[in-house]
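Asks: Got a predicted model here, sequence first, then my questions.
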Amino acid sequence: MVSRVIPVDPFDLVLFGATGDLARRKIIPGLFHRFVVGQIPPGARIIGAARTETTHDAFVQLIRESLEEFVPKAASQGAEIAAFLETLRYVCVDAAGEAGWRDLGQHLRPEAVRAFYLSVSPALFGAIASNLDAHQLATPESRIVVEKPFGRDLASSQALNADLRGVFDEGQIYRIDHYLGKETVQNLMVLRFANSLWEPLWNSTHIDHVQITVAESLGVEGRGEYYDRSGTMRDMVQNHLMQLLCLTAMEPPSRFRPDAVRDEKVKVIEALDPVVPTNIVRGHQYRAGSDAEGYRDHAGDPQSLTESFVAMKVNVGNWRWAGTPFYLRTGKKLRARTSEIAIMFRDPPHMIFPRIEGRRGNALIIRLQPDEGITLRTTIKEPGPGGMRVAEVALDMAFAEALGPHAEAQDAYERLIMDVIRGDQTLFMRGDEVEAAWAWVDPIIRRWEEDGQAPAPYDVGSSGPEDALMLLHRDGRRWREIQV
Ligand code: NAP
């Protein structure tokens with residue numbers, strides 16, 4: 001198999017927040033990987049912008065150290081790193097003030113694709129957009145990239161969108177949810193819409209229910225204060241889990257084009273029934289085990305009521321899915337780091353073979369992490385004499401094995417940044433999509449805030465609280481085990 005690298009036009013990428021954590025850990029290493037495979041054209045400029053007054057050389061040194069820390073093969077890539085560092089510039093810009101904007105303008109070329117990546121606090125988005133406008137740096141073709149969180153409720157997301165749309169058209173705004181850059185998430189669309197096998201089965205006639213799990217083994221280390229103001233519902237469900245739900249549940253778009261795909265995702269969100277309190281297991285902060293610290297050790301507020309786990313049963317109210325619930329769960333400090341979408345099929349209408357004890361039925365498991373791949377659980381005859389016995393086996397495909405080195409995980413950020421340069425918005429969230437997601441999530445959070453109940457604890461390393469198990473048990477179903 002030949003790896004294809006689609007070339008892009010020369011570009012000027014301005015990275016606001018270039019000295020920050022996300023830029024150093026993800027964005028710059030992602031750009032470096034694309035540089036190594038030859039996708040970054042000669043003459044491309046990566047212009048770091050931050051408030052700190054520093055020299056070009058000191059910035060280059062900072063980025064060199066970041067690459068050495070965060071690029072696994074950096075030790076053997078000295079020549080590539082040196083060449084990559086040549087693309088860098090640094091400008092000291094105060095996002096909210098006057099300093100530096102004229103300087104920035106001098107680094108930008110009229111003929112190059114122009115992208116502004118805002119890897120800074122959302123509180124600065126509006127100021128940066130209006131400064132770009134005031135200093136005539138935002139051309140009609142330029143792009144602006146923003147990081148989540150896109151607000152903390154409907155009203156703030158609308159205000160954020162209004163700030164951005166005051167300067168940029170929706171077609172220029174790229175809202176990053178890095179889950180959409182994951183190989184398997186895109187593969188979900190290919191699996192569904194490039195194979196005739198699944199579509200006839202992809203509905204409530206054949207699918208009993210769907211489980212979407214995003215389990216993290218880490219806690220809120222280092223992000224305690226931020227997390228405590230946010231919580232799992234805002235930090236994970238409103239964006240990542242809802243995106244996975246949308247891609248699983250959406251109708252086939254007419255074309256693989258940004259608005260055709262995003263129209264279908266919005267329709268899913270709009271079809272979601274409100275969640276009644278009995279269908280949601282809230283928060284449940286993890287309690288400290290003997291050798292593990294608990295959430296409140298990091299949260300800053302010992303009385304914190306913020307959730308670190310959510311499980312919920314969601315009904316998509318449309319013809320395709322009526323009667324097939326989607327169960328979502330996500331939490332921190334769980335048994336393992338696992339993300340997957342499990343499509344659980346109904347049993348055959350009439351079983352002629354002996355029942356297997358504990359039979360779980362056909363399932364299609366789409367694994368996002370740790371090892372991306374697809375598993376199809378099937379029933380076969382158990383080998384050997386002694387009558388007809390059946391067993392369940394997994395037809396298992398890890399992308400890394402099936403596709404060899406070309407499956408080597410490309411970080412989600414790499415793909416998404418190159419999509420920005422190419423001007424492809426398919427894997428980015430549209431403003432109305434973000435607002436629709438908040439409109440659905442807001443009443444749930446408001447209810448929690450109003451009733452003020454403390455979340456029940458769960459153990460570090462568990463699969464979440466008992467109530468989450470009960471959510472499925474009472475429907476005669478059970479969660480897939482969180483795989484270690
Ligand atoms: P960070 O480490 O605090 O970095 C913030 C950056 O913003 C620094 O480079 C800082 O530069 C710059 N900055 C702050 N005020 C500025 C101003 N007035 N003018 C110009 N630059 C200014 O934050 P981060 O963790 O990288 O996060 C950046 C954004 O990504 C946030 O919106 C965050 O929510 C989002 N995000 C982060 C992660 C992650 O893993 N870190 C994941 C998802 C989303 P100076 O130090 O020079 O002021």
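Replies: That came in fine, so what should we check first? Residues are numbered from 1 along each chain as shown.
Asks: Every contact and neighbour count from this point should use C-alpha atoms.
Replies: OK.
Asks: and the stretch 51-200 of the chain, which of its residues are near the ligand?
Replies: If contacts are counted using Cα under 6 Å from any ligand atom, the residues of the stretch 51-200 of the chain sitting beside the ligand are 51-52, 93-96, 119-122, 147-149.
Asks: So which of those residues sit within strands?
Replies: residue 147 (DSSP state E).
Asks: Just the closest of the residues of the stretch 51-200 of the chain next to the ligand to residue 264, please.
Replies: The closest of these to residue 264 turns out to be residue 148 (Cα to Cα; 21.5 Å).
Asks: so what's the residue nearest the centre of the chain up against?
Replies: Compute the mean C-alpha point of the chain, and by Cα atoms, centre = their mean the closest residue is residue 179, 2.3 Å away. If you count contacts by Cα atoms under 8 Å, 6 or more residues apart in numbering, residue 179 has them with 185, 240, 243, 412.
Asks: and the residues of the stretch 51-200 of the chain next to the ligand, which are buried?
Replies: 51, 93, 94, 95, 96, 119, 120, 122, 147, 148, 149 (16 or more other Cα atoms under 10 Å).
Asks: Count the neighbours of the residue lying closest to the fifth one once chain neighbours are set aside for me.
Replies: Spelled out, that is residue 96. The spatially closest residue to residue 96, leaving aside those adjacent along the chain, is residue 127, at 5.3 Å (Cα to Cα, 6 or more residues apart in numbering). Residue 127 is surrounded by 17 other residues when neighbours are defined as other Cα atoms under 10 Å.
Asks: ok, back up a step: mind putting the residues of the stretch 51-200 of the chain next to the ligand into TSV with pLDDT?
Replies: As requested, those are arranged in TSV below (pLDDT from 0 to 100):
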residue	pLDDT
51	95
52	93
93	97
94	95
95	93
96	91
119	96
120	95
121	92
122	92
147	89
148	88
149	89
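Asks: for the closest residue to residue 55 other than its chain neighbours, helix, strand, or coil?
Replies: Nearest-residue entry for residue 55: residue 90, 7.5 Å, with adjacent residues in sequence omitted and distances by Cα to Cα, 6+ apart. Three states are possible here, and by DSSP: H, G, I helix; E, B strand; the rest coil the one that applies to residue 90 is strand.
Asks: re the thing from before, pick out the most distant pair among the contacts of residue 179.
Replies: With distance counted by Cα to Cα, no two of the contacts of residue 179 lie farther apart than 243 and 412, which are 14.5 Å apart.
Asks: can I see the domain layout of this protein?
Replies: Listed by automatic domain parsing, the domain ranges of the chain are 11-147, 180-473.
Asks: Nearest to residue 172, out of those domains?
Replies: Proximity to residue 172 (Cα to Cα) singles out domain 11-147 among those, at 4.7 Å.
Asks: Just say helix, strand or coil for residue 231.
Replies: Applying three-state DSSP: residue 231 is helix.
Asks: what do you get for the one 3 residues further on?
Replies: Judged by three-state DSSP, the three-state class of residue 234 is helix.
Asks: Can you tell me how far it is from residue 226?
Replies: Look at residue 234 and residue 226: by Cα to Cα, to the nearest Å, they are 11 Å apart.
Asks: now swap in residue 176 and tell me
Replies: With Cα to Cα as the criterion, residue 176 and residue 226 are 19 Å apart.
Asks: Can you give me the pLDDT of residue 1?
Replies: Note on residue 1: pLDDT of 44.
Asks: Wait, the residue nearest to residue 55 touches residue 47, no?
Replies: Yes - using Cα atoms under 8 Å as the test, residue 90 is close enough to residue 47 to be in contact (5.5 Å).
Asks: And the lowest mean pLDDT element among the helices and strands of this structure?
Replies: None of the helices or strands of the chain scores lower by mean pLDDT, DSSP states H and E than helix 296-299, at a mean of 61.
Asks: Could you list the paired strands of whichever helix or strand comes after that one along with their orientation?
Replies: From helix 296-299 onward toward the C-terminus, using DSSP states H and E, the following helix or strand is strand 309-314. Note on strand 309-314: by DSSP bridges, its sheet partners are strand 280-281 (antiparallel), strand 326-331 (antiparallel).
Asks: Mind listing residues that contact the last one?
Replies: Defining contact as Cα under 8 Å, 6+ apart, one finds that strand 326-331 is touched by 209-216, 232, 236-237, 241, 245, 308-316, 464.
Asks: With stretch 52-70 instead?
Replies: Counting by Cα under 8 Å, 6+ apart, residues outside stretch 52-70 touching it are 19, 24-26, 28-29, 74-75, 81, 85, 88-90, 92.
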